[in-house]
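*Asks:* Sequence plus the predicted model coming up.
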Amino acid sequence: MTEQVFSFTKTKEKCIEKLIDHDVAAINHIILPYKDSVPEHDSNSNVYLIITSGIMSATLNEQPTHEYAAGTILNVPHKTHMKISNQTEGSILEFFIIKAPSPRLME
């Protein structure tokens with residue numbers, strides 16, 4: 001078999017999972033129910049957030065919070081402070097994080 005196959009969780013519960021950790025890219029999958037968030041942190045690589053369902057509330061550095069809907073790809077530069085949450089009542093936020101290159105190759 002030439003290809004590699006990776007699976008990700010399908011649920012309505014909170015889920016934070018690392019799917020791929022290669023040198024060229026790392027890919028994570030996140031599901032956040034209403035009022036849930038990921039831990040506040042600084043990006044450790046060039047980050048691409050691919051929103052597949054729901055609405056993401058994101059505060060980057062000192063900017064005001066913005067909302068991004070499903071079908072959006074958000075690029076966040078290396079070393080950007082991030083606060084990401086689901087503030088939309090009755091919805092599930094699901095997104096993938098692509099870090100390129102892998103954080104272990106960054107400073």
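*Replies:* Structure received.

*Asks:* Could you list which residues are in contact with the residue nearest the centre of the chain?
*Replies:* The C-alpha lying nearest the average C-alpha coordinate of the chain belongs to residue 97 (CA atoms, centre = their mean; 3.8 Å). Remark: with contacts taken as CB atoms under 8 Å, 6 or more residues apart in numbering, residue 97 is in contact with 26-30, 47-50. Any C-beta I mention is one placed from the backbone N, CA and C, and that applies to glycine too.

*Asks:* Take those and keep only those in helices.
*Replies:* Counting by DSSP state H, the contacts of residue 97 place none of their members in helices.

*Asks:* Same list, those residues, but as TSV with distance to residue 82 please.
*Replies:* Below are those laid out as TSV (distance: CB to CB, whole Å):
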residue	distance to residue 82
26	15
27	17
28	13
29	17
30	12
47	8
48	13
49	9
50	15
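
*Asks:* Could you identify the buried members of the residues you listed?
*Replies:* Among those, those buried by neighbour count (16 or more other CB atoms under 10 Å) are 26-30, 47-50.

*Asks:* Looks like residue 92 contacts residue 86 (just checking).
*Replies:* Yes. Counting by CB atoms under 8 Å, residue 86 is a contact partner of residue 92 at 7.3 Å.

*Asks:* where do the contact lists of these two overlap?
*Replies:* With CB under 8 Å, 6+ apart, residue 92 and residue 86 have common neighbours 32-34, 54.
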